[in-house]
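> Build the 3D model from these lines:
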Amino acid sequence: MNQPAPVSDVALANAYHLLAETRAETLWLANFISPNTKATYRRAVADFIVDMGLSSPAELYGAGQAHVLAWRDQLRARGLSNAAVKTKLAALSSLYKFLADKQLSPGNPVAGVRRPIAGSAGIGAGTTPALTRRQARLLMDAPMTHQGQRKTPRLQQLRDRALLYTFFYTGCRCMEPGTLTVGDFGIDRGYWVLTFTVKGEKKNKVALAEFDAQEAECVQAILDYLDASGHRHDQDAPLFLAARPGKNTGQALGRSTFYDVFKKYVRLVGLPDTITPHSARSTFITQAYENGVQGEAIQRTVGHASITTTEGYNQSAKKLRKSASLGVRY
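So this is what the prediction gives:
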């Protein structure tokens, strides 16, 4: 069976242009506070426009349940997880509920469309692969040690190492490092901390190490980068900056760059392409459980609303090494 082709950059750009011409869509997005939610929902609607071949606001307003059903099936055929399909349908439903309330659409065509079950233990339950400690170490150190990095400017190497360490030592979500300023990295009550802005515009303070700890490699990686970059004392500057050879541009890293940087090193060290920044989150949670950290403490650190979601990420509970299949020989 042939899978649908992924959305092209040109088609996506055209969809965003159409949305920019749709004043109602702008008002709908204004209801959301989180930049991550806005970006996710905007992309979901753009995907719907492209996949369904919509070319005007009128066609978007007039889409019916048949369009939604066809889109849902395309997404599943494309290999998206149940959780991802549910998120996209939720975004579309939110838009059409808004349009119906404004009497721009006859109703919400997503209402009544059955959505896939993502699982009671949350999106991390068995869907996000975790890394071994050796694999995580290989990936974190790749910016400075891998031969393929010889031509990469040292400032960029230091930044990328600090970013990878941040992913693996905090379990943060992919875009959350983009919320950090230099002022969000510092000392609080004897601990080095990072203060993320997470879902719902809430603050999540994560302790990295005691101030006088002998082994605090995530802290040291961030300090090394800040010292080399020259913006260590600019409290309002983004923590992670875009860089040209030898110097920072002064601009924050783009939202997609956090994902791209992570995937660059996944490919560089030869890990499977299924490994994403979310795998660092899954690895962090798994390692914390294996080292005896209480589930409630892990939940608070990664910013989950429910302990059930946190437990769903615990790959160690699966005890793969005890699988009976490993003892079978033919």
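> who's in contact with residue 38?
29, 32 (CB atoms under 8 Å, 6 or more residues apart in numbering). For glycine as for every other residue, the C-beta is placed from the backbone atoms N, C-alpha and C.
> Kindly recompute the last result at 10 Å.
28, 29, 30, 31, 32 (CB atoms under 10 Å, 6 or more residues apart in numbering).
> Check residue 109 too.
Residue 109 neighbours (CB under 10 Å, 6+ apart): 62-69, 92-93, 96, 99-100.
> Need the three-state assignment for it.
For residue 109, the assignment made with DSSP: H, G, I helix; E, B strand; the rest coil gives coil.
> Let me know how buried the closest residue to it other than its chain neighbours is, in neighbour terms.
Nearest non-adjacent residue to residue 109, counting by CB to CB, 6 or more residues apart in numbering: residue 65, 4.5 Å away. Residue 65: 14 surrounding residues under other CB atoms under 10 Å.
> I'd say residue 65 and residue 113 touch.
Yes. Between residue 65 and residue 113 there is a contact under CB atoms under 10 Å: 6.4 Å.
> looking at this structure, which helix or strand is least sure?
Least confident helix or strand, the chain: helix 9-20 with a mean of 69, by mean pLDDT, DSSP states H and E.
> Give the buried residues for the very next helix or strand once past that one.
As assigned by DSSP states H and E, the chain's next helix or strand after helix 9-20 is helix 23-29. By neighbour count with 16 or more other CB atoms under 10 Å, helix 23-29 contains the buried residues 24, 25, 28, 29.
> what's the average pLDDT for helix 23-29?
Helix 23-29 shows a mean pLDDT of 77.
> what do you get for stretch 185-198?
Rounded mean pLDDT across stretch 185-198 is 92.
> and what of stretch 43-61?
Rounded mean pLDDT across stretch 43-61 is 87.
> looking at it, residue 110 is touching residue 93, isn't it?
Yes. Using CB under 10 Å, residue 110 makes contact with residue 93 at a distance of 3.7 Å.
> Quick one: the helices in the stretch 51-200 of the chain, in order.
Assigned by DSSP state H, counting those that start in this stretch, the helices in the stretch 51-200 of the chain fall at 57-61, 65-77, 82-101, 133-145, 154-170.
> tell me the contacts of the closest residue to residue 96 other than its chain neighbours?
Nearest residue to residue 96, sequence neighbours excluded (CB to CB, 6+ apart): residue 108, at 4.2 Å. When contacts are counted by CB under 10 Å, 6+ apart, residue 108 is found next to 65, 68, 92, 93, 94, 95, 96, 97, 98, 99, 100, 101.
> now do 6 Å
96, 97, 100 (CB atoms under 6 Å, 6 or more residues apart in numbering).
> of the residues you listed, closest to residue 237?
Residue 237 has its nearest neighbour among these in residue 97, at 39.3 Å by CB to CB.
> hmm, which two among the contacts of residue 38 are most spread apart?
Maximum distance among the contacts of residue 38 (CB to CB): 8.4 Å, for 28 and 32.
> Could you tell me which of the contacts of residue 109 count as buried?
63, 67, 68, 92, 93, 96, 99, 100.
> what separates the last one from residue 174, distance-wise?
Using CB to CB, to the nearest Å, residue 100 is found at 32 Å from residue 174.
> Give me the nearest residue to residue 223, chain neighbours excluded.
residue 232 is the one closest to residue 223 (CB to CB, 6+ apart), at 7.8 Å.
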